[in-house]
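[1] whatever this is, show me its structure:
(one chain, ligands or ions: 4)
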Amino acid sequence: MNATTPRPLLVVGAGIAGVTAALEAAEAGHQVVLIDREPAVGGRVLRHHRYFPKMCPPACGMEVNIQRLERSRRVRALMQTELVAARRDPHGWSVTLASAPAYVGPRCTACGECSQVCPAAVADPHNLGMSRVPAIRLPHGGAWPRQYVLDRSACPEGCRKCVEACKCDAIDLGAQPGKSELEAGAIVLCTGWQPYPIEKLPELGGGELQDVIANVQLERLGAADGPTQGKILRPSDGQAPRAVAFVQCAGSRDVNHLPYCSGICCQASLKQALYVREQLPECAVTIYYIDRRTPGRAEDLLARVTATAGVNLIKGKVGRIEASDGGQLVLRVEDVEAGRLLEAKADLVVLATGMVPNLREGALGLDLRRDEDGFGLDDLDAGVLVAGVARRPEDVAACVRDATGAAAKAIVAAASCASSSAGGAAARGA
Ligand SMILES: Cc1cc2nc3c(=O)[nH]c(=O)nc-3n(C[C@H](O)[C@H](O)[C@H](O)COP(=O)(O)OP(=O)(O)OC[C@H]3O[C@@H](n4cnc5c(N)ncnc54)[C@H](O)[C@@H]3O)c2cc1C
Ligand code: SF4
Ligand code: SF4
Ligand code: SF4
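    Ligands and ions are numbered 1, 2, ... in the order given. Next up, the predicted model:
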């Protein structure tokens, strides 16, 4: 590659933000390397049952992007791969990528023979551990690349049943982790988020009471490929709840937990109230909130939910949740508008927890500026851009806008790097 040819862009994280950034840059004519630590693209949105504002299945939007990825000759997607070191040089970045062992290789046709003979089962990451799957499996029904993945730590010693069953010779149980070097013109970080752990909210029963679950878990309970095949059931007894309570700002806007507002969990609970009422028309739904943050078109969702029979919104902070003798949950709530303390009962409680940026754990060996909450900040001079929830809490539509902007900025950063180094080379040659 000569000094005036921009190097490829490196996009880290293949959720909706990363896939968008990669495709927008590629379709503008740029080479892109897209990496993700998971075995398939899509990130967290593919774990949602439906999307607000339109209430459509997230897989639809992602299918279009997968077709674009399949058609693109400019995006190289490397799964189970992470950025482990990065060094700035005059032309951009020299980075080191580490890949997990490729126990299942590209010859895999996703025929499923190996899963059928596999004796080991593991907690299914796609279902947030709420169901079990064979150690060798497709990551989920809509996975792309459409290639099986193997959890080697679960294999009993000496087992080779999957190797014997595979007619494509796609499995290598002795595969080793790999490292590779890459020169990149600019880096776009789209590393997304993880849910705030409910175990950190024991006063609300998080991690202690079985029927207190997180909003991300309710998404899986509603999904047809979820642990209950789409039935909203109480984890403790597998029965349909007759009363569901949503607790807003669970661990958010609280200096002891997440000081910021995640911006989407009000809309997520409104959406989930509709899941419950559509499936269980007799079930009473109560949403306890501090503020209803529903900007722009989200007001329509709020209006739809407030007009839905059986859904009650109460302005009140839930301070404590305990189990009652009858197997129900008792919520102690400060009802702000009535100015009194309430004791309310529910069969199932959903904690509307917020989004924690993965960048909070570290900036992947980059000298990246982050805000006080751990969200990443752009550094245009260094050619490092941040998009999606890695940058700030936001919904999918905002992620897509954000990622498109980041792709444009990354192209400019890579091009200016290439031209300034070419200018330097020309000046030195003169
Ligand atoms: C309960 C709930 C319901 C929601 N419902 C909706 C909804 O209905 N509509 C809506 O618009 N929004 C909704 N959202 C918000 C939506 O989930 C986010 O906007 C979206 O997931 C952000 O996408 P992203 O690409 O930024 O991050 P992610 O989806 O988190 O993707 C990040 C990707 O980066 C990868 N990654 C992370 N770290 C690394 C690393 N070090 N190396 C390599 N790869 C890495 C991850 O594996 C992942 O694939 C909801 C959120 C919650 C909590
Ligand atoms: S690894 Fe082999 S047996 Fe398993 S799905 Fe792939 S091709 Fe089929
Ligand atoms: S080697 Fe591991 S993945 Fe393969 S069949 Fe045995 S337990 Fe399953
Ligand atoms: S979006 Fe709503 S529930 Fe989420 S932190 Fe903000 S105010 Fe609380």
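
[2] list the buried residues for stretch 236-256?
    240-241, 243-253 (16 or more other Cβ atoms under 10 Å). Yep, even glycine has a C-beta here, placed from its N, CA and C like the rest.

[3] and residue 111, how many neighbours does it have?
    14 (other Cβ atoms under 10 Å).

[4] for it, which residues are in contact?
    Under the criterion of Cβ atoms under 8 Å, 6 or more residues apart in numbering, the contact list for residue 111 reads 167, 168.

[5] tell me how far it lies from ligand 3.
    Plainly put, residue 111 is 14 Å away from ligand 3 if you go by Cβ to the nearest ligand atom, to the nearest Å.

[6] distance of that residue relative to ligand 4?
    Shown here: residue 111 relative to ligand 4, a distance of 43 Å by Cβ to the nearest ligand atom.

[7] and that residue, which of the three is it?
    Under DSSP: H, G, I helix; E, B strand; the rest coil, residue 111 falls in the coil class.

[8] pLDDT wise, what is it at?
    Here the pLDDT value assigned to residue 111 is 98.

[9] how about the residues of the stretch 201-350 of the chain that lie near ligand 1?
    Along the stretch 201-350 of the chain, the residues adjacent to ligand 1 under the rule Cβ under 6 Å from any ligand atom are 215, 216, 219, 264, 268, 271.

[10] I figured the fifth one was touching residue 215, is that so?
    Which is residue 268. Yes. Between residue 268 and residue 215 there is a contact at 5.3 Å, judged by Cβ atoms under 8 Å.

[11] what is in contact with the two at once?
    For the pair residue 268 and residue 215, residues contacting each of them under the criterion Cβ under 8 Å, 6+ apart are residue 352.

[12] among the buried residues of stretch 236-256, which are located in strands?
    Among the buried residues of stretch 236-256, DSSP state E puts 243, 244, 245, 246, 247 in strands.

[13] in TSV, list the residues of the stretch 201-350 of the chain next to ligand 1 along with secondary structure.
    Below are those laid out as TSV (three-state DSSP):
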residue	secondary structure
215	helix
216	helix
219	helix
264	coil
268	helix
271	helix
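
[14] intersect these with the contacts of ligand 4.
    Intersecting those with the surroundings of ligand 4, defined as Cβ under 6 Å from any ligand atom, gives residue 264.

[15] now, of the residues of the stretch 201-350 of the chain next to ligand 1, which are buried?
    Under a neighbour-count criterion of 16+ other Cβ under 10 Å, the subset of those counted as buried comprises 215, 216, 219, 264, 268, 271.

[16] quick check, nearest of the ones in strands among the buried residues of stretch 236-256 to ligand 1?
    The nearest member of those to ligand 1, counting by Cβ to the nearest ligand atom, is residue 246 at 10.8 Å.

[17] now stretch 8-23 - C-alpha only, PDB.
    Once non-C-alpha atoms are left out, stretch 8-23 reads as follows in PDB (Å, rounded to 0.1, in the frame of the first residue of the first chain):
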ATOM      1  CA  PRO A   8      -8.500   0.500   6.200                       C
ATOM      2  CA  LEU A   9     -10.700   1.700   9.100                       C
ATOM      3  CA  LEU A  10     -10.900  -0.500  12.200                       C
ATOM      4  CA  VAL A  11     -14.300  -0.700  13.700                       C
ATOM      5  CA  VAL A  12     -14.400  -2.300  17.100                       C
ATOM      6  CA  GLY A  13     -17.800  -3.800  18.100                       C
ATOM      7  CA  ALA A  14     -20.300  -5.200  15.600                       C
ATOM      8  CA  GLY A  15     -23.600  -4.200  17.300                       C
ATOM      9  CA  ILE A  16     -26.000  -2.000  15.400                       C
ATOM     10  CA  ALA A  17     -23.600   1.000  15.700                       C
ATOM     11  CA  GLY A  18     -20.500  -0.900  14.600                       C
ATOM     12  CA  VAL A  19     -22.200  -2.600  11.700                       C
ATOM     13  CA  THR A  20     -23.700   0.700  10.500                       C
ATOM     14  CA  ALA A  21     -20.300   2.500  10.800                       C
ATOM     15  CA  ALA A  22     -18.600  -0.300   8.800                       C
ATOM     16  CA  LEU A  23     -21.200  -0.400   6.100                       C
END
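
[18] can you list the buried residues in that stretch?
    Within stretch 8-23, the residues that count as buried by 16+ other Cβ under 10 Å are 8-23.

[19] surely residue 220 is in a helix?
    Yes. Under three-state DSSP, residue 220 sits within a helix.

[20] how about the helices in the stretch 251-400 of the chain?
    265-279, 298-306, 396-429 (DSSP state H, counting those that start in this stretch).

[21] whoops, the stretch 101-250 of the chain was the one
    113-117, 161-165, 215-222.

[22] which parts of the chain sit against ligand 3?
    117-120, 135-136, 150, 155-156, 159-162, 173.

[23] rerun that using 5 Å as the cut-off
    For the chain, the residues in contact with ligand 3 under the definition Cβ under 5 Å from any ligand atom are 118, 120, 135, 136, 155, 159, 161, 162.

[24] residue contacts, residue 55?
    Contacts for residue 55 (Cβ under 8 Å, 6+ apart) come out as 271, 274.
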